[in-house]
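A.B. asks: Sequence and predicted structure are below.
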Amino acid sequence: MSTLFYSQVNTSVQNELIARGSAGVGDRSTKAMDYMLGKITNVEIQAFDSKPKPGIKIMPTERGYALLGGASVLGNSYMPSGVDGYLNDKIRPSNRIPPIITDVSIAINDQSKSYINKASVSILILDADADLEEMEMIYCKPGRYLRIKYAHPDNAILTDPLLDTVGLPTSDYLLTQFPDVDSSNLLKMNEFYFQGRISTFSFSYNSDGSIALTFEAIGTSNTYADIQVYIKNDKETSETGEKQTNQIGNLYTLLDTEVKNIITAKNKDNITEFEFLSNGTTDQGILNGIPYTIGNTTTPGTERMVSLGYLIQFISSKLMEQVGANITCNDTICKSNLYSKLISADSQKILLWRGKADIMSSTYYFDHSAEVAKSSGLIDKRIMFPNVKPESPGFSDNEDSYPSRIYINLEEIKSIIETIEKQEPKEPTIKNFLIKLSETIRINTGDAINLALVQDPLIPDALLYYDVNYVKSNVNVNEFTLPAFATKTGRSVVREFSLTSNVPNTVKNMIFGIDSWDTGTQKQTAYNPYIYADAETRSRLAEEWKLKYTGTSIDLADKKYEYVQKPANDPQVIADLQSVLKKYVTYFTPNIEASIQTSKAIFPMELEFTIDGINGLKYGDVLGFDGLPRRYTESFVFAIMGITQAVSTDGQWTTQVRCVPRVRIKGNS
């Protein structure tokens, strides 16, 4: 099944774009001509006092401008005659029509790259005396909820207008978690919806007395995680019976209390070291115990850890519910690539738990020759939390890893909160907390796991804490070849097309320097010369890769060995292990093509194209293009990173798509 960042273009969209490419060339039917000549898009904006939900009506206003565009322009003061016509001097003394939408542009992006979903709207207020006050009250209020709808006529679609209902695994699951989502709004190729909140606005006064109002709105989901990490605890009765005042704590203080309560309950049953799973889950756990021992002496004290799945669920239930949202990170939809020798560089902060599977991710040992350690009288391995009986399945299985099963030390959570409370600008928000947490997990897993807070591409209200490195597909995901170059295919749907190299200055030395082959983790597969090499050169480079794999495996074994012999919190040992893990994540297999296919690294180019407006493309969809140089089509697949849906003054809806190439080795010529 396809993943969030490596998915197949909806089959209905594929069929429609192929049909559009043939219109006027292979297809000269009346329907094809209507598509080419007769499509004008209507735009409708609705304003709300609170978050739009089924049954929630638009905000009430005197003139009804909480609804602009759409069918509203077909009557009342938009027409010249009649009781409310704009030629009625008593109603509209200036004889000008009400406000009209002149331009809309909506950008939907892969938010793991720090972009946000955003709408830019331009409205012309022709009669300022009559309409400015109400328009200002509605659309010049930061935080105002909006819903924007594009609608093409039916003749703008040449095929079946409904999208194929087969979606992403994440969206299929999330639809069961968001019963209020009207999925029918998501299934029409000739309609597009955006829900957001106004962030900025401006007025521009024109010489004819009209006013141009422009405003921007950010996607509603982009505002959810901006709430702060502070929690208002309920009033509690003290031992004297007096009511205590409400206390404002942070995320850690309430989490600390909850974990202590569970530990206390376990201690009553004489259980001091344990793994506890809540709500019948496999990834919402608490781990309590002594992390390791040296000889017969217990070295560290008891540590308390919570799984990432537990932490995210805690955040959603205690903080996110107040804004009607939640974040999802569970082992049903959030996965990571499998690296058989992966461990955490600092297991007392971040632990890749072995679980019932008894995998080696929480065991540190010299995996080339344990006899070397034993013959020297040294410890040959260290098992983290050796006295804890596992209850959960473990961090990984034979196919994937599960980031929601990663355990995080409560003291590390406390440290992250203290850091974001002190940093400038002072924004101790859930979003910044998750960014710092992701950084800690990424560094201690050699960049193998890179979690980011992203919006599901099909369900606007659904936020996922998702590993952006996971691009595995259990079945073959074939890229859709877009009809782009008429000279090559005889048909085209493209209005504009560009391909640009965009190499950051920080990595140019990787390409042009003498160490261009040794470019480091992840980027190794993006910049190494294997991508463009001929068959003979690839064979040589593949052999060199095997040698690097062997060397890296030995280095990793050495560093694990050092970790066993010294205290687990030795800063230099941790730094060394972090460094070698980065190399291992690149050279985790002796097969260079298997490594490249697993990471599908992004190459430093951008491809952009513009087509007639359509709904159904999403970030992560993979595309191919006939007519590009052969080495591009052999070496890359192009993944959508951003989509801009724009409607111009004359009613033309265009879809601008921004893609980046992911490395994919297709041929050996």
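C.D. replies: Nice, I can see it.

A.B. asks: so where's the stretch 51-200 of the chain uncertain?
C.D. replies: 114, 166-167, 182-185 (pLDDT under 70).

A.B. asks: I'd say Asn42 and Ile148 touch.
C.D. replies: No - with contact defined as C-beta atoms under 8 Å, Asn42 and Ile148 do not form a contacting pair (11.5 Å). (Each C-beta comes from the backbone N, C-alpha and C, glycine too.)

A.B. asks: who's more crowded, those two?
C.D. replies: Ile148 (23 against 18; other C-beta atoms under 10 Å).

A.B. asks: Paired strands for the helix or strand containing the more buried one, with orientation please.
C.D. replies: Using DSSP states H and E, Ile148 maps to strand 145-151. Take DSSP bridges as the rule and strand 145-151 pairs in its sheet with strand 42-48 (antiparallel), strand 191-205 (antiparallel).

A.B. asks: so can I have TSV of those strands showing distance to Ser392?
C.D. replies: Output for the strands paired with strand 145-151, formatted as TSV (distance: least, C-beta to C-beta, whole Å):
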stretch	distance to Ser392
strand 42-48	42
strand 191-205	36
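
A.B. asks: so of those strands, which one's packed in deepest?
C.D. replies: strand 42-48 (a mean of 20; mean count of other C-beta atoms under 10 Å).

A.B. asks: Can you list the buried residues in the strand holding Ile148?
C.D. replies: Neighbour counts over strand 145-151 (16 or more other C-beta atoms under 10 Å) mark 145-151 as buried.

A.B. asks: Mind putting the residues you listed into TSV with distance to Ile417?
C.D. replies: Below are the buried residues of strand 145-151 laid out as TSV (distance: C-beta to C-beta, whole Å):
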residue	distance to Ile417
Tyr145	30
Leu146	33
Arg147	35
Ile148	36
Lys149	40
Tyr150	42
Ala151	46
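
A.B. asks: Out of these, give me the two with the largest separation.
C.D. replies: Largest separation among the buried residues of strand 145-151 by C-beta to C-beta: Tyr145 and Ala151, giving 20.2 Å.

A.B. asks: Can I get stretch 612-619 in CSV? Just the C-alpha atoms.
C.D. replies: This file holds the C-alpha atoms of stretch 612-619, laid out as CSV (Å, rounded to 0.1, in the frame of the first residue of the first chain):
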residue,chain,number,x,y,z
ASP,A,612,-6.4,23.6,-15.9
GLY,A,613,-8.0,23.4,-12.5
ILE,A,614,-8.7,20.0,-11.0
ASN,A,615,-9.3,18.6,-7.5
GLY,A,616,-7.7,15.2,-6.6
LEU,A,617,-4.0,15.7,-6.8
LYS,A,618,-2.3,15.6,-3.3
TYR,A,619,1.2,16.0,-1.9
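
A.B. asks: mind listing what the residue nearest to Ile359 when sequence neighbours are not counted touches?
C.D. replies: Closest residue to Ile359 apart from its sequence neighbours, by C-beta to C-beta, 6 or more residues apart in numbering: Gly394 at 5.3 Å. Counting by C-beta atoms under 8 Å, 6 or more residues apart in numbering, Gly394 touches 353-359, 361, 405.

A.B. asks: Assign Gly394 to helix, strand or coil.
C.D. replies: coil (DSSP: H, G, I helix; E, B strand; the rest coil).

A.B. asks: can you give me phi and psi for it?
C.D. replies: Backbone torsions for Gly394, taken as degrees, to the nearest 10, come to phi 110, psi 160.

A.B. asks: ok, now Arg144?
C.D. replies: phi -60, psi 130.

A.B. asks: excluding its backbone neighbours, what's nearest it?
C.D. replies: Nearest one to Arg144, counting by C-beta to C-beta, 6+ apart, is Ile198 at 4.4 Å.

A.B. asks: repeat for Thr165
C.D. replies: Nearest to Thr165 is Leu187, by C-beta to C-beta, 6+ apart, at 6.8 Å.

A.B. asks: Check the burial of that neighbour by counting its neighbours.
C.D. replies: 19.

A.B. asks: got the contact list for the residue nearest to the spatial centre of the chain?
C.D. replies: Geometric centre of the chain, nearest residue: Val454, 2.7 Å, by C-alpha atoms, centre = their mean. For Val454, the contacting residues are 4, 110-112, 463-464, 466, 468, by C-beta under 8 Å, 6+ apart.

A.B. asks: what helix or strand is it on?
C.D. replies: Here Val454 is assigned to strand 451-455, by DSSP H and E.

A.B. asks: just how off-centre is that strand within its chain?
C.D. replies: Centroid separation for strand 451-455 versus its chain: 4 Å, with C-alpha atoms, centre = their mean, to the nearest Å.

A.B. asks: Which residue ranges of the stretch 451-600 of the chain form helices?
C.D. replies: Here the stretch 451-600 of the chain has its helices, by DSSP state H, counting those that start in this stretch, at 486-489, 508-512, 523-527, 535-565, 571-586, 592-599.

A.B. asks: Could you do the stretch 151-300 of the chain as well?
C.D. replies: Under DSSP H, counting those that start in this stretch, the stretch 151-300 of the chain gives helices at 169-177, 220-224, 251-268.

A.B. asks: Reformat those helices as CSV; add distance to Ser81 and mean neighbour count.
C.D. replies: Shown next, in CSV, are the helices of the stretch 151-300 of the chain (distance: least, C-beta to C-beta, whole Å; neighbours: other C-beta atoms under 10 Å):
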stretch, distance to Ser81, mean neighbour count
helix 169-177, 47, 17
helix 220-224, 40, 21
helix 251-268, 62, 15
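
A.B. asks: do you know which of the ones you listed lies nearest Ala448?
C.D. replies: Nearest to Ala448, of these and by C-beta to C-beta, is helix 169-177 at 20.5 Å.

A.B. asks: angle of the closest one against strand 451-455?
C.D. replies: 60 degrees (axes from the mean of the first three to the mean of the last three C-alpha atoms, to 10 degrees).

A.B. asks: what's stretch 577-585 in contact with?
C.D. replies: 339, 341-343, 345-346, 443-448, 520-522, 552-553, 555-556, 559-560, 562-563.

A.B. asks: try stretch 136-149
C.D. replies: 43-52, 59, 61, 65-66, 70, 104, 106, 119, 121, 123, 191-201, 213, 215, 217, 220.

A.B. asks: next one: stretch 568-575
C.D. replies: So stretch 568-575 is in contact with 291-292, 300, 345-348, 382, 559, 562-563, 566, going by C-beta under 8 Å, 6+ apart.

A.B. asks: Mind listing what's buried along it?
C.D. replies: Quick answer for stretch 568-575 (16+ other C-beta under 10 Å): 568, 573-574.

A.B. asks: in its sheet, what does the strand holding Val454 sit against?
C.D. replies: Strand 451-455 is paired, per DSSP bridges, with strand 463-467 (antiparallel).

A.B. asks: Using PDB, write down the CA coordinates of the strand it pairs with.
C.D. replies: Output in PDB follows, covering the C-alpha atoms of strand 463-467 (Å, rounded to 0.1, in the frame of the first residue of the first chain):
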ATOM      1  CA  LEU A 463      -3.000  16.100  12.100                       C
ATOM      2  CA  LEU A 464      -0.400  13.400  12.000                       C
ATOM      3  CA  TYR A 465       2.900  13.100  13.800                       C
ATOM      4  CA  TYR A 466       4.500  11.200  11.000                       C
ATOM      5  CA  ASP A 467       7.900   9.900  10.000                       C
END
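
A.B. asks: From the chain's centroid, how far away is it?
C.D. replies: 6 Å.

A.B. asks: And stretch 308-319, by the same measure?
C.D. replies: 18 Å.

A.B. asks: again with stretch 558-567
C.D. replies: 36 Å.

A.B. asks: State the mean pLDDT of that stretch.
C.D. replies: For stretch 558-567, the mean per-residue pLDDT is 84.

A.B. asks: which parts of it are buried?
C.D. replies: 559-561, 563-565.

A.B. asks: nearest to Leu434, of those?
C.D. replies: Tyr563 (27.7 Å).
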